[in-house]
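K.L.:
this is a predicted model, with the sequence first.
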Amino acid sequence: MAWITTDDLEEFLAAAGGFLRARPAQHTVLLTVTASLRASTRVFGAAPPEYGWWRAPDGRTAGAFLRTPPYPVLLSQMPGEAADDLAGVLVERERPTGGVNGGRAAAEAFAAGWQRRTGATARHGETNRLYRLGELTWPRPAPPGRARVAGPADRELLIEWYESFDRETSAHGGDHAGSVDDRLRYGGLTLWEVDGAIVSFAGVTRTIAGMARVAPVYTPQPLRGRGYAGAATAAVSGAALDSGAEEVLLFTDLANPTSNALYQRIGYRPVEDHLQLFFEPASSGQGAA
């Protein structure tokens with residue numbers, strides 16, 4: 001049993017791609033992030049990504065992770081011992097991380113291992129519920145306006161709204177311009193317009209292993225409560241299905257009852273919960289046990 005790490009994306013996908021694709025819904029973030037990194041390594045920030053996979057006793061790949069600083073370590077489904085071992089590997093190699101994101105069991109096992117070895121404390125961030133689209137149901141009554149795919153002329157506004165989304169959700173920055181440019185290249189941003197004014201947008205990832213994920217969805221504060229986000233989400237979800245996605249997914253913050261209710265009205269159904277944990281360094285004079 002061992003972790004193998006690399007900074008070579010193709011090596012990682014050759015070793016762990018089959019494992020990730022076998023359960024595309026549960027591994028949606030790792031699959032879509034690596035697809036974006038294949039298109040542009042600067043999508044998530046200037047620091048180089050790191051990847052790794054865990055070999056079970058029988059030689060199978062049974063876990064994987066990736067890091068795209070400044071974002072937390074992202075975990076696949078994996079045994080608790082693998083998550084704990086990964087924390088040890090990153091500590092031993094002096095690879096600091098501000099947090100971890102993954103299915104609840106794996107995230108908690110990693111955090112426990114990190115805390116035990118470093119003396120850090122962990123605080124809970126968001127608990128995100130993964131939803132899968134069943135039967136798409138358009139909002140009723142539908143808001144005024146229409147959907148259209150974003151183009152280069154919308155770039156600056158979209159970058160501004162990406163930044164606003166991050167501020168409101170306490171996300172970890174990254175290269176917003178790179179993210180918008182990447183989405184524009186494959187038509188991955190859908191706008192909702194009313195009388196020619198853009199009032200909301202919804203993004204969608206590339207389709208990987210038959211799966212696409214809606215993210216992000218944003219409406220400026222003064223325009224909320226009018227149904228625009230629901231309409232944009234329904235439009236981009238339908239577009240993903242029309243382009244060949246077999247399943248369409250999205251995450252919501254469980255602390256936001258409005259968005260959870262909205263997406264269920266559109267036809268999304270719960271799959272599983274993912275947990276974000278953030279690490280605070282040990283206070284002066286405190287260390288690992």
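P.N.:
Nice, I can see it.
K.L.:
show me where the stretch 101-250 of the chain has helices.
P.N.:
Using DSSP state H, counting those that start in this stretch, the helices found in the stretch 101-250 of the chain span residues 104-118, 155-169, 176-185, 228-242.
K.L.:
mean neighbour count added to these, as TSV?
P.N.:
In short, each C-beta sits where N, CA and C put it, glycine included. Shown next, in TSV, are these (neighbours: other CB atoms under 10 Å):
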stretch	mean neighbour count
helix 104-118	21
helix 155-169	16
helix 176-185	19
helix 228-242	23
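K.L.:
now mean pLDDT and distance to residue 130 too, for these, in CSV please.
P.N.:
Shown next, in CSV, are the helices of the stretch 101-250 of the chain (pLDDT from 0 to 100; distance: least, CB to CB, whole Å):
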stretch, mean pLDDT, distance to residue 130
helix 104-118, 97, 11
helix 155-169, 94, 16
helix 176-185, 92, 21
helix 228-242, 97, 15
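K.L.:
does residue 20 fall in a helix, a strand, or a coil region?
P.N.:
helix (DSSP: H, G, I helix; E, B strand; the rest coil).
K.L.:
what count of nearby residues applies to the residue nearest to it when sequence neighbours are not counted?
P.N.:
Once flanking residues are discounted, residue 20 sits nearest to residue 27: 4.3 Å by CB to CB, 6 or more residues apart in numbering. Using other CB atoms under 10 Å, residue 27 has 25 other residues around it.
K.L.:
relative to residue 91, how far out is residue 27?
P.N.:
25 Å (CB to CB, to the nearest Å).
K.L.:
circling back to that earlier point, and the helices of the stretch 101-250 of the chain as a markdown table, adding distance to residue 134?
P.N.:
Converted to a markdown table, the helices of the stretch 101-250 of the chain look like this (distance: least, CB to CB, whole Å):
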| stretch | distance to residue 134 |
| --- | --- |
| helix 104-118 | 23 |
| helix 155-169 | 26 |
| helix 176-185 | 25 |
| helix 228-242 | 11 |
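K.L.:
in this structure, where is pLDDT below threshold?
P.N.:
1, 41-43, 45, 170-174, 283-289 (pLDDT under 70).
K.L.:
ok, 80 please
P.N.:
Within the chain, the set of residues satisfying pLDDT under 80 comprises 1, 40-46, 170-175, 283-289.
K.L.:
re earlier: got a list of what the residue nearest to residue 20 touches?
P.N.:
Residues near residue 27 by CB atoms under 8 Å, 6 or more residues apart in numbering: 20, 21, 64, 76, 77.
K.L.:
I'd like the residues you listed written out as TSV, with distance to residue 146 and neighbour count added.
P.N.:
Output for the contacts of residue 27, formatted as TSV (distance: CB to CB, whole Å; neighbours: other CB atoms under 10 Å):
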residue	distance to residue 146	neighbour count
20	36	23
21	35	15
64	41	27
76	39	26
77	40	20
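K.L.:
which pair in these spans the largest distance?
P.N.:
21 and 77 (12.9 Å; CB to CB).
K.L.:
how near is the residue nearest to residue 20 to residue 182?
P.N.:
On the measure of CB to CB, residue 27 and residue 182 end up 20 Å apart.
K.L.:
now do residue 143
P.N.:
From residue 143 to residue 182 the distance is 28 Å (CB to CB).
K.L.:
before we move on, what about residue 35?
P.N.:
Residue 35 is 10 Å from residue 182, where distance means CB to CB.
K.L.:
what's the answer for residue 219, then?
P.N.:
Using CB to CB, residue 219 is found at 22 Å from residue 182.
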